[in-house]
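Participant: Please work out how this folds:
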Amino acid sequence: MSAREGKILALAGGVDIANKPKEELNDLFRIVMNAGMHGLCFSAYEEGQKPGDALSDDQIRKRMKIIQPYTKWVRSFSCIEGNELIPKIARDFGIKTLVGAWLGDDPEKNEQEISGLIELAQAGYVDIAAVGNEVLYRKDLTEDELLAFIKRVKEAIPNITVGYVDAYYEFSARPKITDACDVILANCYPFWECCHIDYSLMYMKNMYSQALRAGGGNKRVIITETGWPSKGEDYKGTLPSWENALRYFLNTQIWSKEEEIDIFYFTSFDESWKVGAEGDVGAYWGIWDKNEKIKY
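Facilitator: Numbering: from 1, shown residues only. The predicted structure is shown next:
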């Protein structure tokens, strides 16, 4: 990083973009991007696709090539239906991997996911293994069922870091899960907790601190998801907009570097299928749009 880049990054913490011209914001965005992110959540589904559709090697490689200059890690969410190709292709691009097994209320698919995660890890494609994502939040599994999956994965891959991904507050509420994890993998969304953009960075810092306290200060905490949508309807005062999404991204990345916080930003590319799950804002969390064009 150049001296000029370092100076701008140092000045940008808590940036108020209200009176800054778009050109200046775009310049700052490019500086932050070129400095590199710790990690990105990998959005693989192209327009017209959704979970359950098979991903191809070509489409994953195309998107991996786009993000490769800007991130050290990628996070994947499943180990079936082509998602198992993501960590393998990431290796080809020199990118480290946080690989997730998507667990739900389907025992057959859960078995496929866990077996797939273990197989990928034993083959050397997994740097951190995530056993489930927000499965307790959704109430798809009981705590004991999840603990059994975590135990099984840890026994199968004893030399690889294993954790579970959920909202940051779940680790305070569920000490058995926290104890079972090598690392706390916490999703932190000021947006979904109705925090105004002006206070969003401070709010996320408090989320991170709560996760640290849940681990007794002895366990590493990785923020596995955080972001802000660039379009959509107002969600209880948390306005989705180009400006707010950019401001949140800049503040998050600068804080990550200053405090050496590992963050997987959500997400790389817009995915239209998420409209049904999250309302219209669901389709607009990407740094790149659905056509793989960078937004800022």
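Participant: Give me the distance between the residue nearest in space to the middle of the chain and Lys176.
Facilitator: Residue closest to the average C-alpha location in the chain (CA atoms, centre = their mean): Glu225, at 3.3 Å. According to CB to CB, to the nearest Å, Glu225 stands 23 Å off from Lys176. Where C-beta positions appear, they are placed from N, C-alpha and C, glycine not excepted.
Participant: now do Trp228
Facilitator: 32 Å.
Participant: Same question for Arg91.
Facilitator: Using CB to CB, Arg91 is found at 33 Å from Lys176.
Participant: Mind checking which of those two has more residues around it?
Facilitator: Set Arg91 next to Lys176 and count neighbours by other CB atoms under 10 Å: Arg91 wins out with 16 against 11.
Participant: and the residue nearest to the more buried one when sequence neighbours are not counted, how many neighbours?
Facilitator: In this structure, Arg91 finds its nearest non-sequential neighbour in Tyr125, 5.9 Å apart by CB to CB, 6 or more residues apart in numbering. Per other CB under 10 Å, the neighbour tally for Tyr125 reads 20.
Participant: do the same with Gly124
Facilitator: 11.
Participant: So it: helix, strand or coil?
Facilitator: coil (DSSP: H, G, I helix; E, B strand; the rest coil).
Participant: Could you measure from it over to Gly286?
Facilitator: Using CB to CB, one gets 29 Å for the distance from Gly124 to Gly286.
Participant: Trp273 too?
Facilitator: Separation of Trp273 from Gly286 (CB to CB): 13 Å.
Participant: Please name every helix or strand in contact with the longest helix anywhere in the chain.
Facilitator: Looking across the chain with DSSP state H, the single longest helix is helix 242-259. Judged by 3 or more CB pairs under 8 Å, 6 or more residues apart in numbering; DSSP states H and E, helix 242-259 is in contact with helix 3-12, helix 22-35, strand 37-41, helix 200-214, strand 264-265.
Participant: Out of the ones you listed, indicate the one that is most buried.
Facilitator: strand 264-265 (a mean of 26; mean count of other CB atoms under 10 Å).
Participant: helices or strands next to that one in the packing?
Facilitator: Where contact means 3+ CB pairs under 8 Å, 6+ apart, strand 264-265 is packed against strand 37-41, strand 221-225, helix 242-259.
Participant: List the contacts of the second one.
Facilitator: Contacts of strand 221-225 with the rest of the structure, by CB atoms under 8 Å, 6 or more residues apart in numbering, involve 41, 75, 98, 128, 130, 163, 165, 183-189, 204, 208, 211-212, 215, 261-264, 266.
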